[in-house]
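[1] Sequence unavailable; structure follows:
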């Protein structure tokens, strides 16, 4: 389906009581894997506030030393990872037999479930590598489900263009009647990449009980009276009766809009394992050390 077809079929998003910004968050520079430099935007202290989301990392550099070693074999259990590649090439391999090449504009969605050991290795020695990795929690009943994996090339991701010229990639959830690449019944994640011309407005309905935030990775935008500058996360307030968000571009901007239904379950995390109890964490660590995780 072409973009022009989508424009004719768009359904309006009605927002009568838009959310305001609760607070702005500055990411924390860190490194992960074999020394990949990145910014941790959603950190562990924010997990309860932004339930069901556990982590958001932003990475971007044209210096090979910042990314070239990648993420060698490492385990995961109990959640999902969504990797969105803006620029660059990275190869995924895991213990469940999945393999894929993530390239410009593509998305890799992996459900770790009961456990996988995987690697993510850059397939380039120079040039820009830029993207995001989001961790999405699994409900207790699904934490030990079978692992699942899917690569989406850029041209497989649903897109739309609003009347104000905002270009939207719908990675998860739905916007303006366009269904995203992935849906999840329990956490109901919404994951949009918005490209806004200067002065353009974007309107998205959101249930008032869902936790939501935006991250500005180009330009600057305004939500209500609050300007959100470059490389800032804005946590959106959960006011009773609020029905969505209105984002206005101060200049040409690119923004992630992410929202989801909270699980309201205990969170126990130890590195790459996210479960509900400390005992389940001990079991995950034991399974990994004894070679049972990912088999």
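    Structure's in. What do you need? Keep in mind that what you see is a predicted model, and the values were worked out from it rather than measured.
[2] Quick one: residues contacting residue 167.
    159-161, 194-195 (CB atoms under 8 Å, 6 or more residues apart in numbering). Yep, even glycine has a C-beta here, placed from its N, CA and C like the rest.
[3] And the helix ranked longest in the chain, what does it pack against?
    Longest helix in the chain by number of residues (criterion: DSSP state H): helix 278-289. Helix 278-289 sits against strand 268-270, strand 273-275, with contacts defined as 3 or more CB pairs under 8 Å, 6 or more residues apart in numbering; DSSP states H and E.
[4] mind checking which of the ones you listed is nearest residue 89?
    Nearest to residue 89 among those is strand 273-275; the distance by CB to CB comes to 28.0 Å.
[5] Let me see the ranges of the helices in the protein.
    Ranges of helices in the chain, per DSSP H, are 3-9, 278-289.
[6] Relative to residue 64, how far out is the closest residue to residue 262 other than its chain neighbours?
    Among residues not flanking residue 262 along the chain, residue 51 sits closest, at 4.0 Å (CB to CB, 6 or more residues apart in numbering). Plainly put, residue 51 is 37 Å away from residue 64 if you go by CB to CB, to the nearest Å.
[7] where exactly do the strands run in the stretch 1-150 of the chain?
    21-26, 28-32, 36-42, 53-61, 71-76, 79-87, 90-94, 99-102, 107-111, 116-122, 129-137, 148-152 (DSSP state E, counting those that start in this stretch).
[8] Redo those as a markdown table? Include mean pLDDT.
    Compiled in a markdown table, those are given as follows (pLDDT from 0 to 100):
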| stretch | mean pLDDT |
| --- | --- |
| strand 21-26 | 98 |
| strand 28-32 | 89 |
| strand 36-42 | 93 |
| strand 53-61 | 95 |
| strand 71-76 | 91 |
| strand 79-87 | 97 |
| strand 90-94 | 90 |
| strand 99-102 | 90 |
| strand 107-111 | 96 |
| strand 116-122 | 90 |
| strand 129-137 | 96 |
| strand 148-152 | 95 |
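[9] so what pLDDT did residue 9 get?
    Note on residue 9: pLDDT of 73.
[10] Tell me the spatial nearest neighbour of residue 250, not counting adjacent residues.
    residue 220 (4.4 Å).
[11] surely the one you found meets residue 226?
    No. Between residue 220 and residue 226 there is no contact under CB atoms under 8 Å: 11.0 Å.
[12] tell me the contacts of the residue positioned nearest the centre of the chain?
    The chain has residue 134 as the residue nearest its centroid, 3.5 Å off, counting by CA atoms, centre = their mean. If a contact means CB under 8 Å, 6+ apart, then residue 134 has 42, 53, 55-56, 81-84, 191, 258 as its contacts.
[13] One more: residue 157?
    105-107, 169-171, 181.
[14] ok, now with 7 Å
    107, 169, 171, 181 (CB atoms under 7 Å, 6 or more residues apart in numbering).
[15] And for residue 158?
    Neighbour list for residue 158: 170, 178-181 [criterion: CB under 7 Å, 6+ apart].
[16] that older thread, for the contacts of residue 157, which one is nearest residue 70?
    Of those, the one sitting nearest to residue 70 (CB to CB) turns out to be residue 107, at 17.9 Å.
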